[in-house]
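**Student:** Structure for this input, please:
(4 chains)
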2 protein chains.
Amino acid sequence: MPVCIVKSNFQIGDHIVTSLSDTTSQVPANPRSRPTMRHVAALAGVGVKTVSRVINGEPNVSAATIAKVMAAARTLDYQPDLHAGNLRRADGRTRTLGLLVGSVDNPFAGAVHRAVEDVALQHGVAVFASSLDDDPDREQESVDAFLRRRVDGLILTTVTESQAYLAPELRRGTPVVFVDREPAGITSDAVVSDNADGAALATRHLLEGGHRRLAYLGDRPVIQTARERRRGFLEELGRAGVATRGVPVVDGLHDEESARAATIALFDSPNPPTAIFSAQNLVTIGVIRALRELGRHHDTALVGFDDVPLGDLLDPGVTVVAQDPQGIGRAAAERVFARLDGDHSPPVRTIVPTRLIERGSGEIPPRREG
Amino acid sequence: MPVCIVKSNFQIGDHIVTSLSDTTSQVPANPRSRPTMRHVAALAGVGVKTVSRVINGEPNVSAATIAKVMAAARTLDYQPDLHAGNLRRADGRTRTLGLLVGSVDNPFAGAVHRAVEDVALQHGVAVFASSLDDDPDREQESVDAFLRRRVDGLILTTVTESQAYLAPELRRGTPVVFVDREPAGITSDAVVSDNADGAALATRHLLEGGHRRLAYLGDRPVIQTARERRRGFLEELGRAGVATRGVPVVDGLHDEESARAATIALFDSPNPPTAIFSAQNLVTIGVIRALRELGRHHDTALVGFDDVPLGDLLDPGVTVVAQDPQGIGRAAAERVFARLDGDHSPPVRTIVPTRLIERGSGEIPPRREG
DNA sequence: ACCTAGCATGACATCGTTGTCAGGGAGACA
DNA sequence: TGTCTCCCTGACAACGATGTCATGCTAGGT
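**Tutor:** A predicted model of the protein is given here:
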């Protein structure tokens, strides 16, 4: 059937017969090889540049030629090679974007990713997504992998001490937007929640509930947001005139299990806290598990930073300071595209607001004891 | 500062001075342009091919030359262009993989994605991730975008009626692995849960609990897994000798809200079900919300297909037939790499087992009434 | 001193595409 | 009929890298 079409449409110009090697016959020699513009051109009986014009919708091609070329392209199932085109194309854009998040298997990152993808899709841009796993080496490797593939822009969550290694790339004009955590050793656009402020909000909520024996459970201090949240917690206690000496501050919790163990240890002391601020979503879940095990989930207040899936269906409902991962992802992607569209204004820090969602656990009053 | 280094290291060979145009001076003219191998070669005072050898770790380069080239590459912050190399490279691999999932913002897809990424990382392969949104057009566009970027392999969740459009690509030898849903109109590797079997397992569990008035709530029948799960449910009822006439089978539920509404409607009938099988995770959540609103969550049994985040912390705990998204992702990625490594055996269907997790909601006994 | 083998190196063509440019043909206008 | 456009079209170089091949050099054997 395709042979039919070939015969009826195909006219060989002498120059083609003499100049083409046997690897470039009118139809790819074996079906395992991929058709190129030259194959399409030969089959349509036109020059490669004309095929290029048709494929890219350039003007000044006759309707008859367009039809011939489209037919040939369809017959061969031709797909243009974006990267080959890019090599020569003036703007040098790969229409590709690199996204680095904590882990793609994490509700916060998933929402960020989805928002980025939606904005990218409108621009015809594909997204590389990688997981950071809070490993500096993985960060470097991911960024390298992105740059070797010549992404048009980067959206990064980082864990290295300094991102100065990105300075040359920034000078070359590649947009880099930091999400979730602010950059160090370099200035560039950033889209973040106000972590200190959100933590203070959570803390104030507990203080206003009458609690005075609070505890902080959070992630490792190498993580910038963890430091900010701890700062917000402690500063709010200071503002309220609560002595921070003796306030349990447990750092370095990275998953449910460590948070659960830390919580249990906390209640093994003579004067356990009446309220807990857990500064990360996995930590919050670990705390919930521990409180249930201890049977303290109805007499210990809990406010978490970052929302927890189905937090409203638990008993008690989980009060959280929720971030807006969708908003963060969208804003970050929009920054990238604004930069690509020629926005050369100084770097901006976009702060996406957090909000307190009261669901019960944060409204438990202090126990009267001790 | 960089100028210093340049001066001390740089030796110009005559042939370079005469042959290079002004656009290719020893250092990129302005810092916005990206250094190429020619820049590195000029700065190191060697030929481009030698730079290529060093960058790719090919043998037969003297230690001194290697040092010179590395120094030059570091000075210029050179990053090889993977796609340009690919154009000429024998194997034609982009070390890139396309992954299409329901939505990257979905716990099941997140786990699949993460597992795929981990396997890919071991092979030095980057992953494009896109969301399908159960939209056939989006499927086609995503696959096109992947192919134009010459991914080495595809891992796809699909929603088109037929994936025959992939036949030419398959003939060219691109590995295509279908995940979660089986392909139609084409044969290729697939990695899926046994949906009918899992649904039957859930149904049997409810029947063994003594229930006879069951209801099915599921996703749109255009989705292959939705059809399979419904089939498993109905066939199990048949095997148990329960008449399927009059059994409420509600299709087309796509999100929490529609599932919630459908559940409420179900209880608006004279003889509501004593047990519900919800065939998708968002549907399960919608059902839970509805049952709570109606105050029936402690007297109506519920088994969901696919796990629900924090399902063990709810009251009652959510009994589910859990899939193994990690296992699915890993198996799919391993199939792709096996094919890339030359495995030409016939397509295989890998079935990743499901398992029943009893947490309470599925063990509620039937109400005695009516 | 001569030959040979093998290492080290760079010139050149090439991958698939697009930018540039030149040329041919048709129609408009004098 | 002759010119001047404008539209179509294809040859060719170029993008940044690698495969191929030829060449120069050094060390080793006679």
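**Student:** hey, let's count contacts and neighbours off CA atoms from now on
**Tutor:** Noted.
**Student:** now the closest residue to chain B within the stretch 151-300 of chain A: how far from A:Ala190?
**Tutor:** Closest residue of the stretch 151-300 of chain A to chain B, C-alpha to the nearest C-alpha: A:Arg172 (3.7 Å). Look at A:Arg172 and A:Ala190: by C-alpha to C-alpha, to the nearest Å, they are 18 Å apart.
**Student:** circling back: for the residue of the stretch 151-300 of chain A closest to chain B, what are phi and psi?
**Tutor:** Backbone geometry at A:Arg172, expressed as degrees, to the nearest 10, gives phi -70, psi -10.
**Student:** cool, the one 4 residues further on as well?
**Tutor:** Comment: the main-chain dihedrals of A:Val176 come out as phi -130, psi 120, following degrees, to the nearest 10.
**Student:** residues in contact with A:Thr319?
**Tutor:** A:Leu302, A:Val303, A:Gly304, A:Gly311, A:Leu356, A:Ile357, A:Glu358, A:Arg359, A:Gly360, A:Ser361, A:Gly362, A:Glu363 (C-alpha atoms under 8 Å, 6 or more residues apart in numbering or on different chains).
**Student:** Looking at A:Arg172 and A:Ala190, which has the bigger crowd around it?
**Tutor:** Shown here are A:Arg172 and A:Ala190; by other C-alpha atoms under 10 Å in any protein chain shown, A:Ala190 has more neighbours (26 against 14).
**Student:** ok, of the contacts of A:Thr319, which one's closest to B:Ala290?
**Tutor:** A:Gly311 (16.1 Å; C-alpha to C-alpha).
**Student:** so which strand or helix has the closest one?
**Tutor:** Assigned by DSSP states H and E, A:Gly311 falls within no helix or strand.
**Student:** That one touches A:Val321, doesn't it?
**Tutor:** No. Taking contacts as C-alpha atoms under 8 Å, A:Gly311 lies outside contact range of A:Val321: 11.7 Å.
**Student:** higher neighbour count, those two?
**Tutor:** A:Val321 (23 against 20).
**Student:** Next one: the nearest residue to A:Leu132 once chain neighbours are set aside from DNA strand C, what distance?
**Tutor:** Spatial nearest neighbour of A:Leu132, chain neighbours left out: A:Gly102 (4.8 Å); criterion: C-alpha to C-alpha, 6 or more residues apart in numbering or on different chains. For A:Gly102, the distance to DNA strand C (C-alpha to the nearest atom of the strand, to the nearest Å) stands at 35 Å.
**Student:** Count the neighbours of A:Gly102 for me.
**Tutor:** Neighbours around A:Gly102, by other C-alpha under 10 Å: 21.
**Student:** Over to A:Glu117?
**Tutor:** Burial of A:Glu117 is recorded as 27 neighbouring residues (other C-alpha under 10 Å).
**Student:** same deal with A:Arg231?
**Tutor:** A:Arg231: 17 neighbours (other C-alpha under 10 Å).
**Student:** Over to the one 10 residues further on?
**Tutor:** In terms of burial, A:Gly241 registers 9 neighbours under the definition other C-alpha under 10 Å.
**Student:** Help me confirm that it is found in a helix?
**Tutor:** No. In this structure, A:Gly241 is coil, not part of a helix, as judged by DSSP: H, G, I helix; E, B strand; the rest coil.
**Student:** What's the separation between it and A:Val321?
**Tutor:** As judged by C-alpha to C-alpha, A:Gly241 and A:Val321 stand 22 Å apart.
**Student:** how deep is the closest residue to A:Asp77 other than its chain neighbours tucked in, by neighbour count?
**Tutor:** Closest residue to A:Asp77 apart from its sequence neighbours, by C-alpha to C-alpha, 6+ apart: B:Pro168 at 6.9 Å. Neighbourhood size, B:Pro168 [other C-alpha under 10 Å]: 16.
**Student:** can you check A:Glu208 too?
**Tutor:** The tally of other residues near A:Glu208 (other C-alpha under 10 Å) stands at 13.
**Student:** Same question for A:Asn271.
**Tutor:** Applying other C-alpha under 10 Å, we find 11 residues neighbouring A:Asn271.
**Student:** I'd like the distance between it and B:Thr263.
**Tutor:** For A:Asn271, the distance to B:Thr263 - C-alpha to C-alpha - is 47 Å.
**Student:** follow-up on the earlier one: which two among the contacts of A:Thr319 are spaced furthest apart?
**Tutor:** A:Gly311 and A:Glu363 (14.5 Å).
**Student:** which phi and psi does the residue in the stretch 101-250 of chain A positioned nearest to DNA strand D have?
**Tutor:** Residue nearest to DNA strand D within the stretch 101-250 of chain A (C-alpha to the nearest atom of the strand): A:Arg148, separated by 8.2 Å. Per-residue torsions, A:Arg148: phi -60, psi -30 (degrees, to the nearest 10).
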